[in-house]
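S.K.: Sequence and predicted model, in that order:
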Amino acid sequence: MRSSDFNASSKIGSCYAKNGFSVYASGSGVLAPSTGMLQAGIITATGDNAEIIGLEIIAKNTSSYATLAKITALKLRAIDYVDDSKKMAPTAALIVEEGVSIFNGDVEVNGKSTFNGAVYFKNVQNVNGKKNYYLCIDRSTGQLYYR
């Protein structure tokens, strides 16, 4: 990794990795050993700018040929198996602690989804002039319908 302006004491600047990079942490990583936890890294963006983005990840195909099977900008895995047979603790690949999660585009869920709390739908079309109606699921087909 190369850095032209990174200042280690102030932790300000930029780094450039020509052939990619990997982060490996052991012990407690960037945390104090007394925490009993391990954290490989932290990204902090602070300021009073009009917009602050802590991390942006872009994966882009620059080939003029359709040679790639897929493009993935971020892949998360939380693994809790010592020997692929004993699950030790709850795992979460992504936790949003504060703020609203905004998805621009389609959202596809493969597997089970659990919602703890209310689910709201915005901009739902009026059905037969009624203001209040229920969203139902036909158990035989799995189709949604209004009542």
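M.R.: Looks like it came in fine.
S.K.: Of all residues in this structure, which one is nearest the centre?
M.R.: Most central in the chain under CA atoms, centre = their mean is Leu94, positioned 5.3 Å from the mean C-alpha point.
S.K.: which residue packs closest to that residue, ignoring adjacent ones?
M.R.: Leu76 (5.6 Å; CB to CB, 6 or more residues apart in numbering). C-beta here means a position set from N, CA and C on the backbone, and glycine is covered the same way.
S.K.: what residues are up against Thr136?
M.R.: If you look again at residue 136, you'll see it is Cys, not Thr. With contacts defined as CB atoms under 8 Å, 6 or more residues apart in numbering, Cys136 is in contact with 144-147.
S.K.: before we move on, what about Ala45?
M.R.: 52-55.
S.K.: any idea what the residue nearest to Leu94 is structurally, helix, strand or coil?
M.R.: coil (DSSP: H, G, I helix; E, B strand; the rest coil).
S.K.: ok, it - how many residues close by?
M.R.: Using other CB atoms under 10 Å, Leu76 has 7 neighbouring residues.
S.K.: pretty sure it contacts Thr91?
M.R.: No - contact between Leu76 and Thr91 fails when scored by CB atoms under 8 Å: they sit 10.5 Å apart.
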